[in-house]
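# fold the following, please.
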Amino acid sequence: MLYDGLSAKGCFAELHVFNGMWHDFMYMFPRLKESRLAWREASAFIVENICGLPGVSV
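Here you go, the predicted structure:
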């Protein structure tokens, strides 16, 4: 799993589990409330952890 591999290498990672959802649910059904929440969480992670790096701007 990607999360386990990143964590093992010392990289910061978060794993968000959406019970009852299947792989790629947020791509296949973007209008589901769970999908909208997943996109918000992914966006927040990117902004908080990547946008502050040198050479990265939004």
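
# per-residue pLDDT, residue 58?
The model reports residue 58 with a pLDDT of 60.

# so which residue is dead centre in the protein?
residue 42 (3.4 Å; C-alpha atoms, centre = their mean).

# what about the helix or strand that contains it, distance to the chain center?
Secondary structure assigned from DSSP states H and E places residue 42 in helix 33-49. Relative to the centre of its chain, helix 33-49 is centred 6 Å away, using C-alpha atoms, centre = their mean, to the nearest Å.

# secondary structure class for residue 22?
Secondary structure, DSSP: H, G, I helix; E, B strand; the rest coil: residue 22 is coil.

# and it, how far is that from residue 10?
Distance, residue 22 to residue 10, by C-beta to C-beta, to the nearest Å: 30 Å. Where you see a C-beta, it was placed from the backbone N, CA and C, and this is true even at glycine.
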